[in-house]
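# This is the structure alone, sequence omitted:
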């Protein structure tokens with residue numbers, strides 16, 4: 001079985017699926033699907049976990065999600081409240097094998113082979129290319145079936161020519177369902193509890209494992225230790241507070257779960273190559 005499969009509704013007589021998600025919050029379970037997904041975050045903020053990548057997502061950003069790579073766009077806590085600001089995303093799903101098979105008829109599609117391989121790593125499109133890509137996306141959603149096909153091929157060409165950030169160098173693909181559920185439980189627990197001290201024994205208990213087995217399991221599936229993952233989340237939240245709040249560096253350190261200011265400063269600089277104060281001044 002595959003990990004937390006997310007089945008994309010099939011549209012008859014179409015090689016692609018268009019989807020608009022307008023909800024209180026984004027689908028918040030770790031999942032995977034065989035289709036590539038080009039997604040435009042129109043509205044909403046939160047944390048993206050993709051393979052071994054962890055980072056913030058914001059409105060206006062565009063991502064290409066690889067085939068069968070577990071991922072989740074988890075909205076911020078405020079989106080789960082009754083007065084949620086709500087989220088909106090527009091996405092196109094397409095199966096990479098359709099492009100590969102199309103090479104037999106259209107040799108020009110061979111140019112996309114390397115790009116499809118790169119797509120498995122997950123791509124975040126550079127904002128300088130965003131306007132042309134979102135314009136094409138809007139056209140595709142309005143177009144008729146036949147003209148849509150040509151516009152989608154143009155869109156794929158624009159994406160492969162764009163500047164982008166690679167999310168994960170070696171994403172693990174197609175993990176089994178029970179492993180995916182365990183990872184999802186760990187991610188959810190950590191995002192809800194990062195502000196307080198977390199012992200390894202406690203998080204191991206969440207997935208009904210002993211400490212040693214959990215440490216091996218987590219590193220096998222994420223290519224990082226749990227402590228590294230926890231610190232990544234804490235530093236991501238700290239970076240956000242440094243940019244958006246007037247809290248002191250010390251207050252922010254304790255707010256995100258560091259109980260020692262010097263440890264926070266040292267860890268922050270190790271990861272970002274700047275001190276928290278320098279980061280705030282340059283943001």
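Ah, there it is. None of these values were measured; they are calculated from a predicted model.
# Where does pLDDT dip in this structure?
1-14, 103-104 (pLDDT under 70).
# Summarise which helices and strands the longest helix anywhere in it is packed against.
Ranked by residue count under DSSP state H, the longest helix found in the chain is helix 226-244. Helices and strands touching helix 226-244, by 3 or more C-beta pairs under 8 Å, 6 or more residues apart in numbering; DSSP states H and E, are strand 53-57, helix 177-193, helix 200-206, helix 211-222, helix 249-255, helix 261-272, helix 276-282. Yep, even glycine has a C-beta here, placed from its N, CA and C like the rest.
# Export those as CSV, with columns for distance to residue 119 and mean neighbour count.
Converted to CSV, the helices and strands packed on helix 226-244 look like this (distance: least, C-beta to C-beta, whole Å; neighbours: other C-beta atoms under 10 Å):
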stretch, distance to residue 119, mean neighbour count
strand 53-57, 14, 18
helix 177-193, 21, 17
helix 200-206, 32, 16
helix 211-222, 20, 16
helix 249-255, 36, 17
helix 261-272, 26, 16
helix 276-282, 31, 15
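# Out of those, the one nearest residue 23 is which?
For residue 23, the closest of the helices and strands packed on helix 226-244 is strand 53-57, at 15.0 Å, according to C-beta to C-beta.
# got the angle for that closest one vs helix 177-193?
Interaxial angle of strand 53-57 relative to helix 177-193 (axes from the mean of the first three to the mean of the last three C-alpha atoms, to 10 degrees): 50 degrees.
# Give me the helices and strands touching strand 53-57, please.
strand 46-50, helix 226-244.
# let's see 6 Å
strand 46-50 (3 or more C-beta pairs under 6 Å, 6 or more residues apart in numbering; DSSP states H and E).
# what's residue 130 in contact with, if anything?
Counting by C-beta atoms under 6 Å, 6 or more residues apart in numbering, residue 130 makes contact with residue 62.
# roughly how far apart are it and residue 137?
10 Å (C-beta to C-beta, to the nearest Å).
# ok, now residue 62?
8 Å.
# how many degrees apart are the strand or helix carrying residue 90 and strand 46-50 in direction?
According to DSSP states H and E, residue 90 maps onto strand 87-94. Per the same axes, to 10 degrees, the angle that strand 87-94 makes with strand 46-50 is 20 degrees.
# Tell me how far strand 87-94 lies from the chain's centre.
Centroid separation between strand 87-94 and its chain, computed with C-alpha atoms, centre = their mean, to the nearest Å, is 13 Å.
# Over to stretch 55-70?
Chain-centre distance of stretch 55-70: 4 Å, with C-alpha atoms, centre = their mean.
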